[in-house]
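Novice: Quick one, fold the following:
(one chain, ligands or ions: 1)
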Amino acid sequence: MTMNEVDVIVVGAGFGGLRALHALRQLGKRVQVIEASDDVGGVWYANGYPGARCDVESYDYSYSFSPELEQEWVWSERYATQPEILRYIRHVVERFGLRQHIRFECRMERAEYDEAAARWRITCSDGSQWSAQHLVMAVGQLSAPKAPTYPGQELYAGQIIHSALWPKEPVDFAGKRVAIIGTGSSGMQMTPVIARQAAHLTVFQRTPNYSVPASNAPVSPEEDRLVKAHYRQRREQAWNSPTGLGFLPGKKSALEATPEEREQVYEAAWHRLGYGFALTYFDILLNKQANDTAAEFIRRKIASVIDKPELRDKLVPRDHAFAARRPSVDSGYFQAFNRDNVELADVRESPIVEFTEQGIRTTPKSHAFDLIIFATGFDAFTGSLLKPEIISRGGRSLREKWAAGPVTQLGVGTHGFPNFFVLVGPGSPSLLSNVMVSIEEQSDWFARMMVDMDRLGVVEAEVTEAAEQAWVAHVNARAQETLYPTANSFYNGAEVPGKPRVFMPYSGGVRGYRRLLHKCADSGYLGFELRDKPLAQGGQAVNAGAGVAHVAPPQGEAEPALPQAA
Ligand SMILES: Cc1cc2nc3c(=O)[nH]c(=O)nc-3n(C[C@H](O)[C@H](O)[C@H](O)COP(=O)(O)OP(=O)(O)OC[C@H]3O[C@@H](n4cnc5c(N)ncnc54)[C@H](O)[C@@H]3O)c2cc1C
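Specialist: Residues are numbered from 1 along each chain as shown. Predicted coordinates:
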């Protein structure tokens with residue numbers, strides 16, 4: 001079998017891998033992207049369920065690297081649908097000539113670091129083998145769907161579909177009895193759309209979730225012109241905000257405001273800001289009392305649109321702080337339960353006992369379904385990173401190394417794995433930010449590091465053990481300042497049985513994180529050893545920061561990052 005030689009292997013052709021590919025191609029690197037699926041788009045190719053759309057405004061959830069691209073692309077709605085986002089991704093791929101560098105239906109199964117050669121040896125599902133100096137893991141945070149297995153599931157005669165493995169051909173709901181299991185963002189997005197088409201819809205809910213209305217609307221030509229006239233400013237705001245959204249958060253505490261003032265502020269935010277609602281006051285995610293004021297407002301709002309009193313109690317979230325789990329941005333989710341053909345099955349009250357040939361049996365009754373949809377989410381952050389066998393210097397697997405939870409320096413690399421980069425993974429703002437902002441920031445940083453390595457004659461860059469220990473401690477310390485650890489969520493592994501309970505994303509905000517990334521690079525890559533030869537051949541660190549762990553908390557960064565992403 002031929003060993004194909006390139007400079008960089010990028011794994012994954014979603015928004016992240018494509019952006020990394022473009023940045024590295026610009027440097028003249030020979031880059032090969034390998035993608036398990038048969039097309040580009042990542043989550044936006046996989047999650048074709050009805051109602052799927054972004055929950056960060058499209059003008060912000062889009063690439064900023066090309067002013068021409070920004071100006072020529074026209075978004076039709078404030079929050080674009082999945083088909084429109086996929087069209088955008090395909091347009092970018094064609095416009096920047098990226099497709100020829102991607103190998104599809106090719107899953108990376110194994111990567112092993114060859115210490116003597118200082119190169120990664122990569123083996124894929126299609127039998128291809130690759131040798132590369134650098135390995136960039138752009139495998140996604142929400143790309144490993146998870147689904148429970150119920151007793152009797154194999155007996156069920158109807159169709160089962162996972163929201164994140166949605167069929168490419170249209171699914172016809174007309175006249176069908178449909179079940180949705182799960183009320184996270186995917187379940188909340190699809191419920192009102194399927195309710196309008198199906199004969200009957202039953203939504204199985206475990207945890208009632210907070211949601212803020214999307215207030216989605218078509219983008220008028222005037223609005224488009226206005227955004228594009230000031231696009232740089234809008235981007236600057238996003239880069240300098242805690243979460244990468246295109247507006248500035250409130251500077252005041254919710255507890256300083258009078259109840260009347262709060263009501264006005266919340267009311268205005270409710271009708272326009274989507275996720276931004278959680279940033280109306282800076283301490284909503286920091287202080288339980290401040291959070292209570294927002295949570296109480298939302299509970300009132302949700303209750304006010306639900307007609308049936310017996311459903312209000314069940315649908316209104318009470319058991320966690322607002323936004324401590326990822327809230328949703330919905331378009332008529334709660335109102336869907338006012339329809340006669342929509343039913344709520346509360347599985348906390350009446351658990352699912354088993355699947356039957358006809359459908360699902362819960363403690364009080366048997367339901368018959370033609371179609372059951374699992375909107376049950378993902379093994380977030382580490383699911384796809386830990387699927388392949390990735391073997392370090394010294395023969396240790398990443399799975400083994402991260403058995404108690406992911407350990408990284410700045411979220412970008414891990415000790416023992418030289419020239420190994422993780423894009424928007426654990427230890428970085430990732431799903432606590434507008435992911436697009438984080439993708440671009442990190443892709444450009446990786447590119448900068450590779451340029452610096454070439455300039456300095458460095459063949460191997462490796463995170464030091466001390467640096468990653470310090471970073472993990474810092475990530476935990478920042479999380480403890482917030483309300484995130486108070487809820488069970490996919491931020492801390494609680495959604496997957498047996499997964500280590502570790503808070504994974506960095507909650508210090510995208511602005512603070514960017515400063516740390518740049519500080520690291522400016523200081524000669526503090527926390528990394530840059531070696532002139534492979535360690536195995538007596539390579540020496542050539543940078544001043546070698547072996548030193550130093551993470552200074554950013555100054556004046558009181559605002560935590562906001563939860564994002566479905
Ligand atoms: C329904 C949905 C809506 C979302 N909405 C938003 C939003 O509004 N705002 C926001 O900020 N974020 C959102 N997100 C989060 C989303 O994950 C990111 O915004 C972003 O799209 C991730 O891009 P990515 O390239 O990092 O990962 P992905 O899009 O997940 O792409 C990863 C790719 O890697 C491939 N891959 C994985 N393992 C391998 C392997 N071993 N070998 C080869 N290929 C492999 C996968 O097939 C996939 O194509 C959403 C997520 C979902 C699921």
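
Novice: tell me the SS of the residue most central in space within the chain?
Specialist: The centroid of the chain falls nearest to L431 when counting by C-alpha atoms, centre = their mean (4.0 Å). Three-state call for L431 (DSSP: H, G, I helix; E, B strand; the rest coil): helix.

Novice: Okay, it and G411: tell me how far apart.
Specialist: 12 Å (C-beta to C-beta, to the nearest Å). For the C-beta atoms, the positions are set from N, CA and C on the backbone; glycine is no exception.

Novice: can you check A238 too?
Specialist: For A238, the distance to G411 - C-beta to C-beta - is 19 Å.

Novice: Touching, the residue nearest to the centre of the chain and Y275? I think so.
Specialist: No. With contacts counted by C-beta atoms under 8 Å, L431 stays clear of Y275, the gap being 12.0 Å.

Novice: Can you say which helix or strand has Y113 in it?
Specialist: Secondary structure assignment for Y113, by DSSP states H and E: strand 108-114.

Novice: Just the buried residues of that strand, please?
Specialist: Using 16 or more other C-beta atoms under 10 Å as the test for burial, strand 108-114 gives M108, A111, E112, Y113.

Novice: cool, and stretch 212-221?
Specialist: Within stretch 212-221, the residues scored as buried using 16+ other C-beta under 10 Å are V212, P213, A214, N216, V219.

Novice: Can you name the residues bridging to the second one?
Specialist: Beta-bridge pairing of P213 under DSSP bridges involves D330.

Novice: how close does S58 get to the ligand?
Specialist: 9 Å (C-beta to the nearest ligand atom, to the nearest Å).

Novice: Could you pull up the contacting residues of that residue?
Specialist: Counting by C-beta atoms under 8 Å, 6 or more residues apart in numbering, S58 touches W75, E77, R78, Y79, A80, E84, I85.

Novice: Give me the PyMOL select line for the residues you listed, limited to the buried ones.
Specialist: The PyMOL selection below is limited to those of the contacts of S58 classed as buried (16+ other C-beta under 10 Å):
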select buried, resi 75+77+78+79+80+84+85
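
Novice: could you dump the contacts of S58 to CSV with pLDDT, distance to P259 and secondary structure?
Specialist: Listed next are the contacts of S58 as CSV, based on pLDDT from 0 to 100; distance: C-beta to C-beta, whole Å; DSSP: H, G, I helix; E, B strand; the rest coil:
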residue, pLDDT, distance to P259, secondary structure
W75, 98, 37, coil
E77, 96, 35, strand
R78, 95, 30, coil
Y79, 96, 31, coil
A80, 98, 37, coil
E84, 98, 41, helix
I85, 98, 40, helix
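
Novice: Now the two most distant members of the contacts of S58.
Specialist: The most widely separated members of those, counting by C-beta to C-beta, are R78 and I85 (13.0 Å).

Novice: Report the buried residues of the helix or strand where E310 lies.
Specialist: Counting by DSSP H and E, the element that carries E310 is helix 309-315. Within helix 309-315, the residues that count as buried by 16+ other C-beta under 10 Å are L311, R312, K314, L315.

Novice: try stretch 432-451
Specialist: Residues of stretch 432-451 classed as buried by neighbour count (16+ other C-beta under 10 Å): 432-450.

Novice: swap in stretch 152-159?
Specialist: For stretch 152-159, burial by neighbour count (16+ other C-beta under 10 Å) applies to Y156, G158.

Novice: next one: stretch 245-258
Specialist: By neighbour count with 16+ other C-beta under 10 Å, stretch 245-258 contains the buried residues L245, G246, P249, G250, S253, A254, A257.

Novice: Next, the distance between the ends of it.
Specialist: Using C-alpha to C-alpha, to the nearest Å, the end-to-end distance of stretch 245-258 comes to 27 Å.

Novice: Contacts only, for the closest residue to the ligand within the stretch 101-250 of the chain.
Specialist: Distance from the ligand to each residue of the stretch 101-250 of the chain (C-beta to the nearest ligand atom) is smallest for G140, at 2.1 Å. For G140, the contacting residues are G12, G14, G16, G42, V43, S384, by C-beta under 8 Å, 6+ apart.

Novice: now, which of these lie close to the ligand?
Specialist: G12, G14, G16, G42, V43, S384 (C-beta under 6 Å from any ligand atom).

Novice: secondary structure class for the third one?
Specialist: In other words, G16. Three-state call for G16 (three-state DSSP): helix.

Novice: Not counting sequence-adjacent ones, nearest residue to it?
Specialist: Leaving aside its sequence neighbours, G16 sits nearest to A138 (C-beta to C-beta, 6 or more residues apart in numbering; 4.0 Å).

Novice: Contact partners for that neighbour?
Specialist: V10, V11, G12, A13, G14, G16, G17, A20, L423, V424.

Novice: can you pull the contacts of the last one?
Specialist: V424 sits next to G16, A138, Q141, G411, S430, V435, S438, I439, Q442 when contact means C-beta under 8 Å, 6+ apart.

Novice: What about those, which are in helices?
Specialist: Taking DSSP state H, the ones among the contacts of V424 that sit in helices are G16, V435, S438, I439, Q442.

Novice: thinking again about what came up before, name the member of the contacts of A138 with the most neighbours.
Specialist: Within the contacts of A138, most neighbours by other C-beta atoms under 10 Å means V10, with 33 neighbours.

Novice: residues from the stretch 401-550 of the chain in reach of the ligand?
Specialist: Contact residues (C-beta under 6 Å from any ligand atom) of the stretch 401-550 of the chain with the ligand: L423, V424, N434, V435, M436.

Novice: And the furthest pair within those?
Specialist: Across those (C-beta to C-beta), the longest gap, 14.8 Å, separates L423 and N434.
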